[in-house]
Structure formats: structure tokens, C-alpha cells
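> 3D, please:
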Amino acid sequence: MKLPPHRRERYLRDPLPVRLGGIAANLARIASCADHPQSQPVIASLLYESKFFIEWAAPTAPVEAATRLAELQLALVGWERRLALAADPAPRETLIKFAREWSDRILAMSGLLPEPKGVTLQA
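Residues are numbered from 1 along each chain as shown. Okay, here's the model as predicted:
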């Protein structure tokens, strides 16, 4: 399975925060689907697509963010292999937690979330 070239072109038109938001959304979808064994093809597709999104987003990300994205990409490869081998529900529960945590991290990294009212980052 390969993503069509127009998909990359379309993805790269968005600014980095939106691209990171797309990765976070895919991870949230994975967490949402992972409870259901019949959704394995959907999860596999989202894992696969997310690896490409990371590859395309990392070169324009700040070094620390690119490092985190590379870490995530390696973890996604591991999840692809684990899920291909196991129908056991235990890895699915771990995947749900993993995907939610990383979705939150990437979304926070994107800067797309508004600051909570009354909280400022300035000293």
C-alpha cells in the first residue's frame, strides 16, 4: 500500500501546526477504534498513514519536535508488527493508552489548543 503523490502535496500545503493536528487526529482515531477487533484494517491503515504524515512533517519541525516525531514513528512501526501478530485484547488496551497519550502530546506540540483562561505563559 502506498499513499498517492497528490496526498503528500495536499498534506504539505498546510502549515506545520495543522499537519501535527492531523497526526494527533489519526492517533485519536486509533485509540477510538482499538477496542474493536474487527477494526484492525482501519487501525492498520491509520498507523501506515501516520508514519507518512510524520515523515512529511518532521523536516520542517523544530529539532525537539522532529525528535519526538521520529520516536513516535518508530513506536508506530512496532505497533504495526504487534497488531499483525496478536488478536489478544491486552495489546489493544495498551495501544489505546499509547495512542491517546501521543495524540495529546502532538496536539499540545502543535499549538492548536487555546490557552486555558486565566493562564499565561509569560512571567
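
> Only the buried residues of stretch 74-94, if you could.
For stretch 74-94, burial by neighbour count (16 or more other C-beta atoms under 10 Å) applies to L76, W79, L83, P91, R92. All C-beta atoms are positioned from the backbone trio N, CA, C, and that covers glycine.

> other SSEs contacting the host helix or strand of A65?
Using DSSP states H and E, A65 maps to helix 63-85. Secondary-structure packing of helix 63-85 (3 or more C-beta pairs under 8 Å, 6 or more residues apart in numbering; DSSP states H and E): helix 16-33, helix 40-57, helix 89-110.

> Of those helices, flag the one that's most buried.
Ranked by mean neighbour count, the helices and strands packed on helix 63-85 are led by helix 16-33 with a mean of 20 (mean count of other C-beta atoms under 10 Å).

> which residues of this structure score low on pLDDT?
The chain contains residues with pLDDT under 70 at 1, 85-89, 115-123.

> ok, back up a step: can you tell me which of the buried residues of stretch 74-94 lies closest to W56?
Distance ranking of the buried residues of stretch 74-94 against W56, using C-beta to C-beta, places L76 first at 14.0 Å.

> contacting residues around the closest one?
L47, S50, K51, I54 (C-beta atoms under 8 Å, 6 or more residues apart in numbering).

> can I get the residues you listed in JSON lines with distance to D14?
Below are those laid out as JSON lines (distance: C-beta to C-beta, whole Å):
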{"residue": "L47", "distance to D14": "21"}
{"residue": "S50", "distance to D14": "15"}
{"residue": "K51", "distance to D14": "18"}
{"residue": "I54", "distance to D14": "14"}
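
> Alright, calling it a day.
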